[in-house]
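Enquirer: return atomic coordinates for the entry below.
(2 chains)
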Amino acid sequence: MTTLSIQPDLTPVTSRSAVAPPSPVLRWTLIIVAVGFLGITLILPLAIVFVSALEQGWHTALAALTHADARAAMRLTALIVVIAVPINVVFGVAAAWAIAKFEFRGKSVLVTLIDLPFSVSPVIAGMVFVLLFGARGAFGPWLGAHGIRIIFAWPGIALATMFVTLPFVARELIPLMQAQGHEDEEAAVSLGASGWQTFVRVTLPNIKWGLAYGTILCTARALGEFGAVSVVSGHIRGETNTLPLHVEILYNEYQFAAAFSVAGLLVGIALLTIIAKAAVQWRLQVNARASASLIEGEMTERVEWASK
Amino acid sequence: MAGSKTRHSVLPGFRPTMAFTLMYLGLVVLIPLAMLALHAVRMSWTEFAQTFTAPRTLAAYRLTLGGALIASCVNAVFGLLIAWVLVRYRFPGRRLLDTLVDLPFALPTAVAGIALTAIYAPTGLIGGWLARLGIQAAYSPLGIVIAMAFVSLPFVIRTTQPVLEDIDREVEEAAATLGASRFRTFTRVIFPAILPAVLAGFAMAFARAVGEYGSVVFISGNMPGRTEIVPLLIMTRLEEYDETGATAVALVLLVLSFAMLFIINLLQLWARRSTAA
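Expert: Here you go, the predicted structure:
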């Protein structure tokens, strides 16, 4: 090992100097193990989906995607996303406002309860709605007498999806809004802004990237939820099948190329999701760094930052 | 005004936002979950005990908890290694890999299920190779562990990464200056600092793996008593219109979820305290 005292001179500007010269053998072994592990666990499944989808040619893949049942599944999935995501965005913003801007008793209990759907099995998330609205459930007879179907129909699928996606937006916004405090909003209100104006003009610009981040995650889960939806759907073709359920049906009927073609569509959406997520995360980091360098700039009296 | 009960806040909107939060959370999550508890209360103790101690139920619980434990241990080891490599080393494709780590969260579980089955089935790429060694991956408990490990892979990586980034290099440098070897610096300085985050990620991965359904049902083969996981058993009971049986099995899983949520909260609190210190 070389002496350590030389080390800082090699990288004088950044304090991120290596403690000791890392052994290249160890370094590359660790990199190869990590890359190999991620390659087998993440990239191989992606590749398999596309290879299997195209096994019988483009025509089969395209036919699977344009089949009437597939199109019905796409429409239902879109409907579920349009119902579940906006209401969970409103919930996330409302919950974060109440939790981050005010003090009240039982706050930590409320935050924990919002997290609850993350640790409940999706099958239980679907099951509770069967116990409530199923034919033999608590409200089953009443619903039956009035001709309202919730279980084995789209309202049940929407409810189960709302359950599993409930925490996504709130989880992103609560810590973000707590970190930002409430001085800005208080200033706006004392200058005569209404509550709504304060939210739109002051709060929203501060949280927009966090909001986008939570919404992306919420949408991805709403599109892809399987377990909870599977319990309440009843698997009626062309009627109560979402895209993931359609994949399951095709797969169980040994229509592998068709199943993987629809799966390929979902993989494409998942890839777009993580790219959008990475982009938004990058924006969040840039914002954080900008405000950090703002503080640093003020401390060293750098006028161009301080005047901002 | 509306916010008079809250401490000196001049901001409006506490009552409507709080009312909506409680109402929506109550209607969508709390009341439905309370229904499960209500169903359970109506059941007699012997009914519950009979369902729960049935060999099929016990086998499902052993398989699910054991599989989840192995999967989260694998993820703790590889997650820590991957987080380390992504934070400390610079190599081509690092950002791409970092982005891809989130894939199991974004990918619908059914898609993960059929893709993993295609790979690990005896006719598959890795499955065929394992079959020649006499190891059956898909349609066996090993396949269940593989699916559970896949869906819970990002947790340990994502909880450990920020802590590794924040570790003060000066502390490491001090340890090295005092003559500690790299291994000793890791075990004595770095490891204690990241341990709470690794454990929090481990607990999250375990909770997710225990409840997982979509990816596992394709690869497991679903043989009662051998490769049947708890969520599938609940599903089967519901399809048989045996709500009581389903409730008995689900109740224990739900209590376990509550316990995991509590443990995860404690671990996160510990993680936050140890990074603040």
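
Enquirer: any idea which residue is closest to the centre of chain A?
Expert: residue A:217 (1.3 Å; Cα atoms, centre = their mean).

Enquirer: which helix or which strand is home to it?
Expert: helix A:204-224 (DSSP states H and E).

Enquirer: with residue A:251 instead?
Expert: helix A:243-252.

Enquirer: what comes up buried for that helix?
Expert: Neighbour counts using 16 or more other Cβ atoms under 10 Å in any protein chain shown place A:243, A:244, A:245, A:246, A:247, A:248, A:249, A:250, A:251 of helix A:243-252 among the buried residues. For the C-beta atoms, the positions are set from N, CA and C on the backbone; glycine is no exception.

Enquirer: filter the residues you listed by proximity to chain B?
Expert: A:243, A:244, A:245, A:247, A:248, A:251 (Cβ under 8 Å from any Cβ of the partner chain).

Enquirer: which one among the residues you listed gets closest to chain B?
Expert: Comparing these against chain B with Cβ to the nearest Cβ places residue A:244 closest, at 4.2 Å.

Enquirer: residue B:18 versus that closest one, what's the distance?
Expert: 35 Å (Cβ to Cβ, to the nearest Å).

Enquirer: residue A:225 now?
Expert: Per Cβ to Cβ, residue A:225 is found 28 Å from residue B:18.

Enquirer: higher neighbour count, these two?
Expert: Set residue A:225 next to residue B:18 and count neighbours by other Cβ atoms under 10 Å in any protein chain shown: residue A:225 wins out with 29 against 21.

Enquirer: I'd say the more buried one and residue A:122 touch.
Expert: Yes. Contact criterion Cβ atoms under 8 Å: residue A:225 and residue A:122 qualify, at 6.8 Å.

Enquirer: what sits in contact with each of those two?
Expert: residue A:164 (Cβ atoms under 8 Å, 6 or more residues apart in numbering or on different chains).

Enquirer: still on that earlier bit, could I get the ones next to chain B among the buried residues of helix A:243-252 as TSV with pLDDT and distance to residue B:117?
Expert: TSV is the format used below for these (pLDDT from 0 to 100; distance: Cβ to Cβ, whole Å):
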residue	pLDDT	distance to residue B:117
A:243	95	18
A:244	96	15
A:245	96	17
A:247	96	12
A:248	95	12
A:251	95	9
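
Enquirer: most widely separated two among those?
Expert: Greatest spatial distance in those: A:243 and A:251, 12.7 Å, computed using Cβ to Cβ.

Enquirer: burial check on residue 239, number of neighbours?
Expert: Using chain A. Counted with other Cβ under 10 Å, residue A:239 comes out at 15.

Enquirer: ah, I was thinking of chain B
Expert: 10.

Enquirer: can you tell me the closest non-neighbouring residue to residue 230?
Expert: All of this is about chain A. Using Cβ to Cβ, 6 or more residues apart in numbering or on different chains and skipping the chain neighbours, the partner closest in space to residue A:230 is residue A:245 (6.3 Å).

Enquirer: let's do chain B instead
Expert: residue B:64 (4.4 Å).

Enquirer: secondary structure class of residue A:254, three-state.
Expert: coil (DSSP: H, G, I helix; E, B strand; the rest coil).

Enquirer: picking up where we left off before, which other helices and strands does the helix or strand the residue nearest to residue B:230 falls within contact?
Expert: Residue B:64 is part of helix B:55-88, with elements assigned from DSSP H and E. Here helix B:55-88 touches helix A:24-38, helix B:94-100, helix B:141-151, helix B:154-166, helix B:191-211, helix B:230-239, helix B:243-276, going by 3 or more Cβ pairs under 8 Å, 6 or more residues apart in numbering or on different chains; DSSP states H and E.

Enquirer: any chance of the ones you listed in JSON lines, with mean pLDDT and distance to residue A:115 too?
Expert: Putting those into JSON lines (pLDDT from 0 to 100; distance: least, Cβ to Cβ, whole Å) gives the following:
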{"stretch": "helix A:24-38", "mean pLDDT": "92", "distance to residue A:115": "28"}
{"stretch": "helix B:94-100", "mean pLDDT": "92", "distance to residue A:115": "25"}
{"stretch": "helix B:141-151", "mean pLDDT": "96", "distance to residue A:115": "18"}
{"stretch": "helix B:154-166", "mean pLDDT": "92", "distance to residue A:115": "14"}
{"stretch": "helix B:191-211", "mean pLDDT": "93", "distance to residue A:115": "10"}
{"stretch": "helix B:230-239", "mean pLDDT": "94", "distance to residue A:115": "20"}
{"stretch": "helix B:243-276", "mean pLDDT": "88", "distance to residue A:115": "7"}
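
Enquirer: flag every residue of the stretch 201-308 of chain A that's near chain B.
Expert: A:217, A:220, A:223-227, A:230-231, A:243-245, A:247-248, A:251, A:259-260, A:263, A:266-267, A:270-271, A:273-275, A:277-278.

Enquirer: my guess is residue B:120 contacts residue B:136. True?
Expert: No. Judged on Cβ under 8 Å, residue B:120 makes no contact with residue B:136 at a distance of 9.1 Å.

Enquirer: have a look at those two and say which one is more surrounded.
Expert: The neighbour count for residue B:120 versus residue B:136, taken as other Cβ under 10 Å, is higher for residue B:120 (26 against 16).

Enquirer: count the neighbours of residue A:275 for me.
Expert: Neighbours of residue A:275 using other Cβ under 10 Å come to 14.

Enquirer: how about the helices in the stretch 151-300 of chain A?
Expert: A:154-165, A:167-180, A:183-190, A:195-198, A:204-224, A:227-233, A:243-252, A:256-299 (DSSP state H, counting those that start in this stretch).

Enquirer: deepest-packed of those helices, please.
Expert: helix A:227-233 (a mean of 27; mean count of other Cβ atoms under 10 Å in any protein chain shown).

Enquirer: packing partners of it?
Expert: So helix A:227-233, by 3+ Cβ pairs under 8 Å, 6+ apart, packs with helix A:122-133, helix A:154-165, helix A:243-252, helix B:230-239.
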